[in-house]
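In: The sequence isn't on hand, but the structure is:
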């Protein structure tokens, strides 16, 4: 009823090809944007910004980057964490070498470094496929984290080997570093993430996206119909790594404030991969749903006993949390093996034909 | 209706008194890690900390007559959870205890904005000793550079170090790298050869490559900066390769009883520098037994309570309680704020008499902090594993801080510059 599409006629190709051919979708997005732009910033506490709103968006962006590569182009990658690290270190070097640089520009530029590194490690994908490629990207993961540890120039010869985000401002408003206000950081993250998402939606709908999907579904067939596999795979690596790199720069500059090399180690890659898988490979919306489940939900669960007035020791809460989130992941994957995005698609489908299912 | 009004009034009064009772406490959260890969070392420390404060609350009604709420927030030693805990607790906390180098690194720059003192006893960034720059950070009673200095002092007491070779086995992590600048300076000044041997986070349990290198290099001494699984790994490897245990010295975090209990007698002679020592006969232990253990409020057990780490937890809480007491005396109020606690932590004076008064005899060396000295440089004792437990084998060792005061100042200044604008405490003299 709420989602009835009867009466929405498309009279031109433009209208038929629009991003939101169904009015209700656009309306729903409008509500979400209203929450993201106005209601959350007005009501959220520092805690909510720092533990839920900002990290969920950053993780969603990283998963989106990975999804371009793994979900759309079918190239399995286990090196996401390291590519995020490349973005973060590139951004750190840029702002420390050129302190006059606008931090947002630096963040957007840092993606190009990880894109370069990504393409370099993507070259083997022309010869190897599937799990074998996963191992090759795993090599990137190990090598890059090792490099972050050993190449002292990267962290400005700091004795502790860690990078610290300096206080940087745009027109007198601090954007990064401890002096920055959470709300400002939230808006910067929101702006960049929204921009990247728009870009990805359009890319995956266009020629490039179709090329990637063809490569994913059957590369030999794709090659036979005239798709240049090298171009397809390497653009996927480049664009995916660009987005992942920007996510990495945001991760350190807009959220963490400091980073040690082992932050970018394999657990981060796995976390992002899980978000992409649980959200749904080959989707854009799924990354957000996955990030909410994996990053946001544990925080909420941690608060629950306190809010209900139960006194459980915090170690116990942590154990329960791991169990609950773990079983939820299993549950969702059993209910819908194609991820949360597919679950939403089915719900929407059912809503559209309700109350007359055929 | 009348009944309902009564009920409502009663509920209101109960709510108000409960609210008032809630306010009557000092909220000193602890970012604990009882889960995760480092839980084995975390649990005794957390138990010691919690038990001491529970004992104070039961025996004296807290500090200055106001109970201390040392609520734990579980981090599992993960930076992400640590920041979550910090954000969750910072609203009403008077102190934050980050407990891991990673969390300290993230929280440290925020303290100037949030104005909450960080208490990082015996860990964290060594230049935090410079209280003028790091107004809000405290690594009392001793920092890593103190530890390295005391270890070198102790070794040179065993014979001239000139021409000797010292292997520095450390975790390849900010924590393990911390003493390197000092050890390098010492090696230049005293003429010994320093061989840094890093152990990656993934190699902690299997250090065969590192010990092969140690066998090849044949160092006279091995100095270890290990944590978690790395300690047990190194000690078992040392036993396996028959490295003379008496020539192996660890920092205080590498002196965990459980790690040595695995090798037992074979670990005899292993040493660890420490600013805390378990003294089962100290009055504080009897009080803890009476008020906490017998009341069933402790999570600890007999063996653990005799260990070095449990007693270190007690000392840490005692330092915090001293800071609170000092602030209460200065500001003449029981309910101190974070800002006031900062003053308190800057003015701790743990004299020999005060230690006795607190019932902590032999458990912590005397020290004093000031606004320019946030470490206190208490010094410590060299402990040695006798096959069943750690025993003191040295007198009270004191670090020679003059040797690296300059280093502390330059590193602190570098940090302030990298994090500009960074307000410093210019009012502080001396």
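Out: Everything's here; your move. Everything numeric here is computed off the predicted structure, so don't read it as measured data.
In: ok, residue B:282 - contacts?
Out: By C-beta atoms under 8 Å, 6 or more residues apart in numbering or on different chains, the residues touching residue B:282 are B:359-363. Using the backbone N, CA and C atoms, a C-beta is placed for each residue, glycine as well.
In: let's go with 6 Å and repeat that
Out: B:359, B:361, B:363 (C-beta atoms under 6 Å, 6 or more residues apart in numbering or on different chains).
In: May I see the buried residues of the lowest-mean-pLDDT helix or strand in chain A?
Out: Between all helices and strands in chain A, the lowest mean by mean pLDDT, DSSP states H and E belongs to helix A:297-308, at a mean of 83. By 16 or more other C-beta atoms under 10 Å in any protein chain shown, the buried positions in helix A:297-308 come out as A:297-299, A:301-302, A:305.
In: which one of those residues sits closest to chain B?
Out: Among the buried residues of helix A:297-308, residue A:299 lies closest to chain B (C-beta to the nearest C-beta), at 6.2 Å.
In: leaving aside the residues next to it on the chain, what's closest to that closest one?
Out: In this structure, residue A:299 finds its nearest non-sequential neighbour in residue A:51, 4.8 Å apart by C-beta to C-beta, 6 or more residues apart in numbering or on different chains.
In: Name the SS class of the one you found, please.
Out: Of the three states, residue A:51 takes helix under DSSP: H, G, I helix; E, B strand; the rest coil.
In: which ones are touching it?
Out: Residues near residue A:51 by C-beta under 6 Å, 6+ apart: A:299, B:84, B:87.
In: Could you tell me the model confidence score at it?
Out: For residue A:51, the model assigns a pLDDT of 86.
In: quick check, residue B:197 in a helix?
Out: No. Assigned with three-state DSSP, residue B:197 falls outside any helix and is strand.
In: Looks like it contacts residue B:210 (just checking).
Out: Yes. Counting by C-beta atoms under 6 Å, residue B:210 is a contact partner of residue B:197 at 5.2 Å.
In: Which one's more surrounded, the two?
Out: Per other C-beta atoms under 10 Å in any protein chain shown, whichever of residue B:197 and residue B:210 has more neighbours is residue B:210, with 22 against 19.
In: List phi and psi for the more buried one.
Out: Main-chain dihedrals, residue B:210, degrees, to the nearest 10: phi -60, psi -40.
In: wouldn't it be in contact with residue B:195 here?
Out: No. Counting by C-beta under 6 Å, residue B:195 is not a contact partner of residue B:210; they are 10.8 Å apart.
In: that older thread, so which of the contacts of residue B:282 is surrounded by the most neighbours?
Out: residue B:363 leads the contacts of residue B:282 on contacts (other C-beta under 10 Å) with 21 neighbours.
In: low pLDDT regions in the chain?
Out: All of this refers to chain A. Applying pLDDT under 70 to chain A picks out residues A:1, A:358.
In: Let me rephrase: I mean chain B.
Out: For chain B, the ranges with pLDDT under 70 are B:1-23, B:430.
In: quick one on the thing from earlier: any idea which of the contacts of residue A:51 is closest to residue A:200?
Out: residue A:299 (25.9 Å; C-beta to C-beta).
In: Count residues in the vicinity of residue A:150, would you?
Out: Residues near residue A:150, counting by other C-beta under 10 Å: 12.
In: Residue A:67 - nearest residue in space that isn't next to it in sequence?
Out: Leaving out its chain neighbours, the residue that sits closest to residue A:67 by C-beta to C-beta, 6+ apart is residue A:276, at 4.9 Å.
In: For residue B:301, give its distance to chain A.
Out: Per C-beta to the nearest C-beta, to the nearest Å, residue B:301 is found 16 Å from chain A.
In: and the helix or strand in which residue B:314 is found, which residues are buried?
Out: Assigned by DSSP states H and E, residue B:314 belongs to helix B:308-331. For helix B:308-331, the neighbour count (16+ other C-beta under 10 Å) marks B:308-328, B:331 as buried.
In: Can you read off the backbone torsions of the closest residue to residue B:62 other than its chain neighbours?
Out: Nearest in space to residue B:62, with sequence neighbours left out and distances taken as C-beta to C-beta, 6+ apart, is residue B:68 at 5.2 Å. Note on residue B:68: its backbone torsions stand at phi -100, psi 120 [degrees, to the nearest 10].
In: quick one, what contacts residue B:68?
Out: Applying C-beta under 6 Å, 6+ apart to residue B:68 gives the contacts B:26, B:28, B:53, B:62.
In: Next, format those as a markdown table and append distance to residue A:350.
Out: A markdown table is the format used below for these (distance: C-beta to C-beta, whole Å):
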| residue | distance to residue A:350 |
| --- | --- |
| B:26 | 55 |
| B:28 | 52 |
| B:53 | 56 |
| B:62 | 59 |
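In: Please list the members of those that lie in strands.
Out: Residues of the contacts of residue B:68 located in strands (DSSP state E): residue B:26.
In: What is the most widely separated pair among the contacts of residue B:68?
Out: Maximum distance among these (C-beta to C-beta): 10.5 Å, for B:28 and B:62.
In: Comparing those two, which residue is more hemmed in?
Out: Taking neighbours as other C-beta under 10 Å, residue B:28 and residue B:62 compare with residue B:28 leading, 25 against 20.
In: what does chain A put close to chain B?
Out: For chain A, the contact set with chain B under C-beta under 6 Å from any C-beta of the partner chain comprises A:47, A:50-51, A:159-162, A:164, A:178, A:257-258, A:260, A:262, A:314-315, A:318.
In: Among the residues you listed, which are located in helices?
Out: Here DSSP state H is the test, and the residues of chain A next to chain B give A:47, A:314-315, A:318 as lying in helices.
In: Looking at those residues, which is nearest residue A:88?
Out: Nearest to residue A:88 out of those is residue A:47 (C-beta to C-beta; 23.8 Å).
In: how near is the closest one to residue B:82?
Out: Applying C-beta to C-beta, to the nearest Å, the value for residue A:47 to residue B:82 is 14 Å.
In: sorry, back to before: need the contact list for the residue nearest to residue A:67.
Out: Contact analysis of residue A:276 by C-beta under 6 Å, 6+ apart lists A:63, A:66-67.
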